[in-house]
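>>> Below is the structure, and that's it, no one-letter string:
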(Lines give C-alpha, C1' and ligand atoms only; values in the text may rest on other atoms or scores of the structure.)
Protein backbone atom coordinates (compact mmCIF):
# COMPACT_ATOMS: atom_id res chain seq x y z
CA UNK A 1 0.00 0.00 0.00
CA UNK A 2 1.28 3.47 -0.83
CA UNK A 3 0.87 6.47 1.41
CA UNK A 4 -1.60 7.91 -1.09
CA UNK A 5 -3.70 4.73 -1.02
CA UNK A 6 -3.66 4.83 2.77
CA UNK A 7 -4.63 8.51 2.75
CA UNK A 8 -7.60 7.97 0.45
CA UNK A 9 -8.94 5.13 2.58
CA UNK A 10 -8.16 6.72 5.94
CA UNK A 11 -9.94 10.01 5.23
CA UNK A 12 -13.20 8.08 4.75
CA UNK A 13 -13.14 7.49 8.52
CA UNK A 14 -12.90 11.21 9.33
CA UNK A 15 -15.77 12.39 11.53
CA UNK A 16 -15.83 15.65 9.54
CA UNK A 17 -16.05 13.87 6.19
CA UNK A 18 -12.65 15.14 5.06
CA UNK A 19 -14.16 18.57 4.47
CA UNK A 20 -12.83 21.87 5.70
CA UNK A 21 -10.10 24.33 4.95
CA UNK A 22 -7.07 25.58 6.83
CA UNK A 23 -8.11 26.64 10.35
CA UNK A 24 -11.56 25.10 10.08
CA UNK A 25 -12.72 23.21 13.14
CA UNK A 26 -12.08 19.99 11.22
CA UNK A 27 -8.47 20.96 10.47
CA UNK A 28 -7.76 22.20 13.99
CA UNK A 29 -9.22 18.93 15.31
CA UNK A 30 -6.62 17.03 13.26
CA UNK A 31 -3.69 19.15 14.46
CA UNK A 32 -4.73 18.75 18.09
CA UNK A 33 -5.30 15.05 17.53
CA UNK A 34 -1.79 14.65 16.13
CA UNK A 35 -0.28 16.33 19.17
CA UNK A 36 -2.38 14.17 21.47
CA UNK A 37 -1.44 10.92 19.75
CA UNK A 38 2.25 11.83 19.62
CA UNK A 39 1.95 12.57 23.33
CA UNK A 40 0.49 9.11 23.88
CA UNK A 41 3.50 7.56 22.13
CA UNK A 42 5.82 9.58 24.36
CA UNK A 43 3.84 8.67 27.47
CA UNK A 44 4.03 4.96 26.69
CA UNK A 45 7.80 5.17 26.16
CA UNK A 46 8.18 7.14 29.41
CA UNK A 47 6.25 4.54 31.36
CA UNK A 48 8.22 1.71 29.77
CA UNK A 49 11.43 3.39 30.85
CA UNK A 50 10.17 4.26 34.33
CA UNK A 51 8.20 1.13 35.18
CA UNK A 52 10.03 -1.57 33.23
CA UNK A 53 13.56 -0.19 32.91
CA UNK A 54 12.98 0.11 29.17
CA UNK A 55 12.16 -3.56 28.68
CA UNK A 56 9.67 -3.87 25.84
CA UNK A 57 7.22 -6.78 25.93
CA UNK A 58 5.35 -8.07 22.89
CA UNK A 59 2.17 -6.44 24.26
CA UNK A 60 3.96 -3.12 24.86
CA UNK A 61 5.33 -3.16 21.31
CA UNK A 62 1.84 -3.87 19.95
CA UNK A 63 0.33 -0.99 21.94
CA UNK A 64 3.09 1.39 20.84
CA UNK A 65 2.57 0.45 17.19
CA UNK A 66 -1.18 1.08 17.55
CA UNK A 67 -0.42 4.60 18.78
CA UNK A 68 1.96 5.13 15.85
CA UNK A 69 -0.89 4.13 13.56
CA UNK A 70 -3.00 6.88 15.12
CA UNK A 71 -0.16 9.36 14.52
CA UNK A 72 -0.07 8.24 10.88
CA UNK A 73 -3.82 8.75 10.55
CA UNK A 74 -3.60 12.33 11.79
CA UNK A 75 -0.58 13.10 9.56
CA UNK A 76 -2.50 11.71 6.63
CA UNK A 77 -5.63 13.73 7.45
CA UNK A 78 -3.70 16.97 7.93
CA UNK A 79 -2.02 16.60 4.57
CA UNK A 80 -5.45 15.84 3.05
CA UNK A 81 -6.86 19.04 4.51
CA UNK A 82 -3.87 20.89 3.03
CA UNK A 83 -4.66 19.29 -0.35
CA UNK A 84 -1.30 17.52 -0.50
CA UNK A 85 -0.85 13.82 -1.27
CA UNK A 86 0.85 11.98 1.58
CA UNK A 87 3.28 10.38 -0.91
CA UNK A 88 4.47 13.90 -1.80
CA UNK A 89 4.85 14.89 1.85
CA UNK A 90 6.96 11.77 2.40
CA UNK A 91 9.09 12.20 -0.74
CA UNK A 92 9.66 15.92 -0.06
CA UNK A 93 10.78 15.05 3.46
CA UNK A 94 13.27 12.46 2.18
CA UNK A 95 14.60 14.95 -0.37
CA UNK A 96 15.17 17.48 2.41
CA UNK A 97 16.86 14.93 4.66
CA UNK A 98 19.17 13.57 1.95
CA UNK A 99 20.14 17.13 1.02
CA UNK A 100 21.00 17.85 4.66
CA UNK A 101 22.96 14.61 4.87
CA UNK A 102 24.91 15.44 1.71
CA UNK A 103 25.78 18.86 3.13
CA UNK A 104 26.71 17.41 6.54
CA UNK A 105 24.03 19.31 8.46
CA UNK A 106 21.79 16.48 9.73
CA UNK A 107 22.84 17.26 13.31
CA UNK A 108 22.78 21.04 12.94
CA UNK A 109 20.31 23.43 14.52
CA UNK A 110 17.36 25.14 12.86
CA UNK A 111 14.66 24.20 10.40
CA UNK A 112 16.15 25.77 7.28
CA UNK A 113 19.69 24.48 7.16
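Structure received. Keep in mind that what you see is a predicted model, and the values were worked out from it rather than measured. Residues are numbered from 1 along each chain as shown.
>>> in the longest helix seen in the chain, what counts as buried?
Secondary structure of the chain read by DSSP state H shows that its longest helix is helix 25-52. For helix 25-52, a neighbour-count test (16 or more other CB atoms under 10 Å) marks 26, 27, 29, 30, 33, 34, 37, 38, 40, 41, 44, 48 as buried. C-beta: built from backbone N, CA, C; applies to glycine.
>>> Reformat the residues you listed as TSV; add pLDDT and distance to residue 91.
What follows is those, written out as TSV (pLDDT from 0 to 100; distance: CB to CB, whole Å):
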residue	pLDDT	distance to residue 91
26	97	26
27	97	23
29	98	26
30	98	21
33	98	24
34	98	20
37	98	23
38	98	22
40	98	27
41	98	24
44	97	29
48	96	32
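>>> ok so, going back, downstream of the longest helix of the chain, the next helix or strand is which one?
Using DSSP states H and E, the next helix or strand after helix 25-52 towards the C-terminus is helix 58-81.
>>> tell me what that next one is packed against?
helix 3-10, helix 25-52, helix 86-102 (3 or more CB pairs under 8 Å, 6 or more residues apart in numbering; DSSP states H and E).
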